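**Student:** need the 3D shape of this:
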Amino acid sequence: QKGLGGMAGAMSRILSSAATLSDGVKGKGGSVVLSKTKTKHMKEISKEEMEERRMKKKRKERRKKNLQVMYVPSKSGDPVTIENERTLRRIATRGVVALFNAISSHQHESRKSVEPEDRKSRIAQDSKFETKQGFIDKLKSKAEGGG
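**Tutor:** This is a model prediction of the structure:
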């Protein structure tokens with residue numbers, strides 16, 4: 001029994017010790033004894049993990065690159081910067097409000113003229129605003145006209 005216990009202890013220590021792989025990375029619970037035993041499924045899993053790590057690293061680099069060019073104004077700073085940011089925010093808010101109002105009025109007008117006899121005129125009117133430039137012109141005319 002003493003010999004078996006000693007042998008079992010030695011085998012347990014060998015199998016439970018973390019082995020370093022050939023590339024110097026510590027294995028996840030693997031051992032030197034069982035390191036050559038890789039099935040096709042294990043190889044596929046390993047490839048998938050490598051691909052996931054590569055994609056994660058790529059996403060992280062892309063995010064870092066995108067965040068580098070993003071300008072975030074500081075809350076505490078000189079009064080001129082704070083006032084400029086406030087002005088830009090007001091302009092952006094007005095622009096978004098004007099855009100949504102124009103979309104809403106366009107939808108309202110198109111719903112209003114559903115009558116069959118006005119179909120041709122509605123199609124002509126809609127084709128005028130189908131293009132991007134036509135819609136922008138409509139927005140500008142609303143902004144200049146004040147409503």
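**Student:** now do the SS call for Tyr71.
**Tutor:** Following DSSP: H, G, I helix; E, B strand; the rest coil, the label given to Tyr71 is coil.
**Student:** the bottom helix or strand of the protein by mean pLDDT?
**Tutor:** Across the helices and strands of the chain, the lowest-confidence element by mean pLDDT, DSSP states H and E is helix 119-130, at a mean of 61.
**Student:** what is the subsequent helix or strand relative to that helix?
**Tutor:** Going down the chain from helix 119-130, the next helix or strand is helix 132-145, by DSSP states H and E.
**Student:** who are the packing partners of that following helix?
**Tutor:** helix 79-112, helix 119-130 (3 or more C-beta pairs under 8 Å, 6 or more residues apart in numbering; DSSP states H and E). C-betas here are computed from N, CA, C, even on glycine.
**Student:** ok, so what distance separates the closest residue to Asn101 other than its chain neighbours from Thr131?
**Tutor:** Excluding the flanking residues, the one nearest Asn101 by C-beta to C-beta, 6 or more residues apart in numbering is Lys142, at 7.3 Å. Computed as C-beta to C-beta, to the nearest Å, the Lys142 to Thr131 distance reads 17 Å.
**Student:** settle it for me: which of these two has more neighbours?
**Tutor:** Lys142 (15 against 10; other C-beta atoms under 10 Å).
**Student:** from Ser104, how far out is that one?
**Tutor:** 11 Å.
**Student:** kindly report the same for Ala92.
**Tutor:** With C-beta to C-beta as the criterion, Ala92 and Ser104 are 19 Å apart.
**Student:** mind saving the C-alpha coords of stretch 62-69 as PDB?
**Tutor:** Below are the C-alpha coordinates for stretch 62-69, written out as PDB (Å, rounded to 0.1, in the frame of the first residue of the first chain):
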ATOM      1  CA  ARG A  62     -10.400  49.800 -34.100                       C
ATOM      2  CA  ARG A  63     -12.200  51.200 -31.100                       C
ATOM      3  CA  LYS A  64      -9.100  52.800 -29.800                       C
ATOM      4  CA  LYS A  65      -8.400  54.400 -33.100                       C
ATOM      5  CA  ASN A  66     -12.000  55.700 -33.400                       C
ATOM      6  CA  LEU A  67     -11.900  57.100 -29.800                       C
ATOM      7  CA  GLN A  68      -8.600  58.900 -30.500                       C
ATOM      8  CA  VAL A  69     -10.300  61.200 -33.100                       C
END
